[in-house]
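Enquirer: Could you look at this predicted model? Sequence included:
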Amino acid sequence: MDVLDRPGLSGSWEEIWRSLAAVGIFDLDVVLDYVRWLDNATTAAKVGFFLEQHAEALMVDQAHLEALRAMRPSHAHYLDRKHRVAGRLMSDRNLIVPEEIVEQAWAEIP
């Protein structure tokens, strides 16, 4: 989940999303502990949004999503504060996410 906390040290958002989705299984209790340790509301929102998008495949339960929701920012933050682009406000996460990430537009490419 470091790539969600410090995306500038990794590839594009598509690469980040694809890499994390390829993991297959996460120890969600460890993920929550790590997000708490980071003490970064934006990262909590990013992790929550990612896990919500992949909840079925990663077998994410509502308790973990709710715990991350409780750590979210108090007002809207951009997914990438250095590259603020228009996007969709994910109000339950207080996170503005570019449309191509919300829709996972790269999945449409053959």
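Expert: In hand now; what should we look at? Residues are numbered from 1 along each chain as shown.

Enquirer: show me where this protein has strands.
Expert: 77-78, 88-90, 95-97 (DSSP state E).

Enquirer: same for the second one, what does it pack against?
Expert: For strand 88-90, the packing partners by 3 or more Cβ pairs under 8 Å, 6 or more residues apart in numbering; DSSP states H and E come out as strand 95-97, helix 99-102. Heads up, the C-betas are built off the backbone N, CA and C, glycines and all.

Enquirer: Ok, the shortest one next?
Expert: In this structure, strand 77-78 packs against helix 41-53, strand 95-97, with contacts taken as 3+ Cβ pairs under 8 Å, 6+ apart.

Enquirer: Serialize the ones you listed to a markdown table and add fields for mean neighbour count, mean pLDDT and distance to Asp61.
Expert: Formatted as a markdown table, those follow (neighbours: other Cβ atoms under 10 Å; pLDDT from 0 to 100; distance: least, Cβ to Cβ, whole Å):
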| stretch | mean neighbour count | mean pLDDT | distance to Asp61 |
| --- | --- | --- | --- |
| helix 41-53 | 23 | 94 | 10 |
| strand 95-97 | 21 | 94 | 20 |
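
Enquirer: out of those, which comes closest to Asp33?
Expert: Closest to Asp33 of the helices and strands packed on strand 77-78 is helix 41-53 (Cβ to Cβ; 11.8 Å).

Enquirer: where does the chain dip in pLDDT?
Expert: The chain contains residues with pLDDT under 70 at 107-110.

Enquirer: make it 80
Expert: The model of the chain has pLDDT under 80 over residues 1, 8, 11, 82-83, 104-110.

Enquirer: nearest spatial neighbour of the residue most central in space within the chain, skipping sequence neighbours?
Expert: The residue lying closest to the centre of the chain (Cα atoms, centre = their mean) is Lys46, at 2.8 Å. In space, and not counting its chain neighbours, Lys46 is closest to Leu4: 4.3 Å by Cβ to Cβ, 6 or more residues apart in numbering.
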